[in-house]
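1. sequence first, then the predicted structure:
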Amino acid sequence: MKTLLIIGTGGTIAGAAPAATQTIGYRAGAVPVGELIDNVPGLRDVARIRATQPFSIGSEHMRSAHWLILAQLVRKAQSDPALDGVVITHGTDTMEETAFFLDLVSPRGKPVVMTGAMRPATAVSADGPANLLGACRIAADDGAAGRGVLVAFNDRVFAAATVGKVHTLRLDAFAARDAATVGEVADATVRWREPVQRTALRPQAFGALPLPEPVFEPQAEALPRVALMLQHVDCDETIVQWHQKRGARGIVIAGSGNGMLPDPMRAALARASRSGCLIVRASRVPSGPVVRNGEAEPADRDDALGLIASGFVAPLKARVLLQCCLLAGMGAAETQQQFDRFG
């Protein structure tokens with residue numbers, strides 16, 4: 001039997017409400033991880049369980065300092081011969097961002113599976129126990145090794161690079177952007193759809209990247225500051241300069257369509273790029289890539305303006321990837337190569 005480390009971070013899966021019929025207005029992170037484990041029938045038949053709880057919060061309160069704590073725990077577990085895998089319980093609101101960061105900075109090897117719930121632990125219809133049991137089945141499965149960080153939810157398995165939350169309330173709240181699920185859990189068996197080789201062979205540039213110490217001071221960010229902007233009708237381009245004055249070393253702009261931008265915003269971003277700020281042009285559209293140099297006029301293309309095209313990386317994750325590129329000291333050309341790896 002394999003040994004898994006369960007890392008509890010709070011979230012809805014550990015939420016508590018006054019009534020068993022209440023699924024909104026609960027207190028996230030109220031139930032300790034040990035109690036969550038004890039409330040899952042058959043879990044200890046799947047694997048030997050160890051547990052730790054570095055913090056317990058609703059994931060809307062997640063900060064990059066929390067990410068660094070988790071990354072160090074995952075790296076330590078990867079090097080511990082007594083452990084065979086890691087399961088992380090997490091709130092759903094920012095799970096896709098945490099999963100992607102951990103996927104970028106964790107060595108490929110032992111399985112790392114994240115899960116959560118859409119209903120609190122006290123609800124008569126709580127989905128957390130089944131999700132946690134499924135996540136442990138996945139982490140204990142031989143086919144999970146080498147795939148990087150996975151997200152297990154509602155009997156489906158997602159890759160960290162493509163998973164996203166797509167509904168505010170439904171139990172099937174997650175989907176894979178521009179991709180298929182990696183696998184599913186059916187009748188206590190993990191069925192993989194994608195060969196492990198395809199996932200494992202994707203270059204992993206940040207697995208040994210030195211990580212800074214967590215910083216929880218007010219307004220402080222433990223990772224390089226990167227702003228995320230949404231392009232819309234009448235968007236004020238002066239916000240670009242404001243973000244730079246606030247210390248942004250990078251900006252991700254979720255443009256319309258193929259990451260398209262109006263002339264004033266394009267000019268403002270080009271000025272920021274010339275000043276040394278890394279600019280990633282993503283799209284606010286839920287599916288589809290942002291193609292590099294997609295403008296008709298050469299003067300408006302990425303090459304001329306010094307912009308980075310996000311490809312298939314969605315805006316939320318483009319921000320995370322850009323933070324890692326900045327932490328690694330990469331320039332625009334190297335950063336574009338990192339985004340191209342996800343194409």
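-> In hand now; what should we look at?
2. going forward, measure contacts between C-alpha atoms and count neighbours the same way
-> Fine.
3. who's in contact with the residue sitting nearest the centre point of the chain?
-> With distances taken as Cα atoms, centre = their mean, residue 97 lies nearest the centre of the chain, 2.5 Å away. Contact analysis of residue 97 by Cα atoms under 8 Å, 6 or more residues apart in numbering lists 316-317, 320.
4. from the residues you listed, which is closest to residue 76?
-> residue 320 (21.8 Å; Cα to Cα).
5. following the host helix or strand of that closest one, which helix or strand shows up next?
-> Remark: residue 320 resides in helix 315-327, with elements defined by DSSP states H and E. Counting by DSSP H and E, the next helix or strand C-terminal to helix 315-327 is helix 332-340.
6. how about the CA coordinates for that next one, as PDB?
-> Below are the C-alpha coordinates for helix 332-340, written out as PDB (Å, rounded to 0.1, in the frame of the first residue of the first chain):
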ATOM      1  CA  ALA A 332      10.900  38.700 -23.700                       C
ATOM      2  CA  ALA A 333      12.400  36.200 -26.100                       C
ATOM      3  CA  GLU A 334      12.900  33.400 -23.500                       C
ATOM      4  CA  THR A 335       9.500  34.100 -22.000                       C
ATOM      5  CA  GLN A 336       7.900  33.700 -25.500                       C
ATOM      6  CA  GLN A 337       9.600  30.300 -25.700                       C
ATOM      7  CA  GLN A 338       8.000  29.300 -22.400                       C
ATOM      8  CA  PHE A 339       4.500  30.200 -23.600                       C
ATOM      9  CA  ASP A 340       5.200  28.400 -26.900                       C
END
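7. off-centre distance for that helix?
-> Distance of helix 332-340 from the chain centroid (Cα atoms, centre = their mean, to the nearest Å) equals 19 Å.
8. repeat for stretch 231-249
-> Using Cα atoms, centre = their mean, the offset of stretch 231-249 from its chain centre is 24 Å.
9. check stretch 212-225 too.
-> 18 Å.
10. can you give me the end-to-end span of that stretch?
-> With Cα to Cα, to the nearest Å as the measure, stretch 212-225 spans 13 Å from end to end.
11. can you check stretch 36-47 too?
-> Using Cα to Cα, one end of stretch 36-47 lies 15 Å from the other.
12. likewise for stretch 5-14?
-> Using Cα to Cα, one end of stretch 5-14 lies 17 Å from the other.
13. what do you get for stretch 106-120?
-> 29 Å.
14. got it, and stretch 138-153?
-> 11 Å.
15. please apply the same query to stretch 258-267.
-> Terminal-residue distance, stretch 258-267 (Cα to Cα): 17 Å.
16. what does stretch 268-278 rub up against?
-> Stretch 268-278 is touched from outside by 237-238, 240-241, 244, 248-251, 279, 305-308, 331-332, with contacts defined as Cα under 8 Å, 6+ apart.
17. which of those residues are buried?
-> When the contacts of stretch 268-278 are checked for burial by 16 or more other Cα atoms under 10 Å, the buried set is 237, 240, 244, 248-251, 279, 305-308, 332.
18. nearest to residue 162, of the residues you listed?
-> Minimum separation from residue 162 among those (Cα to Cα) is found for residue 308, which lies at 19.3 Å.
19. show me what contacts the closest one?
-> 278-281, 292, 302, 332, 335-336.
20. try 10 Å
-> For residue 308, the contacting residues are 252, 273, 278-282, 290-293, 302, 332-337, 339-340, by Cα atoms under 10 Å, 6 or more residues apart in numbering.
21. can you turn the buried part of those residues into a ChimeraX selection?
-> The following ChimeraX line selects those of these that are buried, judged by 16+ other Cα under 10 Å:
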select :252,273,278,279,280,281,282,290,291,292,293,302,332,335,336,339,340
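22. thought residue 44 was touching residue 38?
-> Yes. At 9.0 Å, residue 44 counts as touching residue 38 under the criterion of Cα atoms under 10 Å.
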